[in-house]
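Chemist: take a look and give me a structure for this.
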Amino acid sequence: MSDGFWLRVGAAWGFLAVAMGAFGAHGLKERLDQIGRADNFHTAAQYHMYIALALVAVGLLRLTGRSGAAVRTAGWTFLVGSMIFSGTLYALSLTGIRWLGAITPIGGVLIMIGWAALAVAAGPVAKPTSAALETTTSASINEFR
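Modeler: Numbering: from 1, shown residues only. Sure, this is the predicted structure:
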């Protein structure tokens, strides 16, 4: 996976969040108001954007050289969680199919896992021990002799 992958995903996700928000606020406003689902659609777009920004944060961490399991977990759980959370709310808003609301919390749990993984990924980086540093330094000095 390239260093800019999560930045590109976050940017694309942000673009879609703005597009969906604008579509809901302008193209669908009258219909959503009539069926009483404007709040659901608004929540979907709002969380969609939050996760777009979180994905950009994952991408920035990746650019700093962090590429462990916590970074991957954060990225994927944010993306899949957002697809489920916002996706079911968008679908519920447009179709009125109420059982979709029962699936929405699964996306929310994945998003929470993403935030926890991001916190771990952003934590302190392990510094080399003094013994490892001495070995590396000695080896480097010996190369120049």
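Chemist: lowest-confidence helix or strand of the chain?
Modeler: helix 130-143 (a mean of 54; mean pLDDT, DSSP states H and E).
Chemist: can you give me the helices in the protein?
Modeler: Ranges of helices within the chain are 5-22, 29-35, 38-63, 69-95, 104-121, 130-143, based on DSSP state H.
Chemist: buried set for stretch 64-83?
Modeler: For stretch 64-83, burial by neighbour count (16 or more other CB atoms under 10 Å) applies to 70-82. To be clear about C-beta, it is placed using only N, CA and C from the backbone, and glycine gets the same treatment.
Chemist: give me the mean pLDDT for it.
Modeler: For stretch 64-83, mean pLDDT rounds to 94.
Chemist: one more: stretch 35-45?
Modeler: Per-residue pLDDT over stretch 35-45 has a mean of 93.
Chemist: residues in contact with that stretch?
Modeler: The set of residues external to stretch 35-45 that reach it, using CB atoms under 8 Å, 6 or more residues apart in numbering, is 17, 20-21, 24, 28-29, 32, 85-87, 89-90, 92-94, 96.
Chemist: go with 7 Å
Modeler: For stretch 35-45, the surrounding residues in contact (CB atoms under 7 Å, 6 or more residues apart in numbering) are 17, 20-21, 24, 28, 32, 86, 89-90, 92-93, 96.
Chemist: and those, which is closest to L60?
Modeler: A17 (18.1 Å; CB to CB).
Chemist: burial of the closest one, as a residue count?
Modeler: For A17, the neighbour count with other CB atoms under 10 Å is 22.
Chemist: what sits against it?
Modeler: By CB under 7 Å, 6+ apart, the neighbours of A17 are 45, 48-49, 52.
Chemist: which one among the buried residues of stretch 64-83 gets closest to F5?
Modeler: G75 (8.1 Å).
Chemist: leaving out sequence neighbours, find the closest residue to the closest one.
Modeler: V58 (4.5 Å; CB to CB, 6 or more residues apart in numbering).
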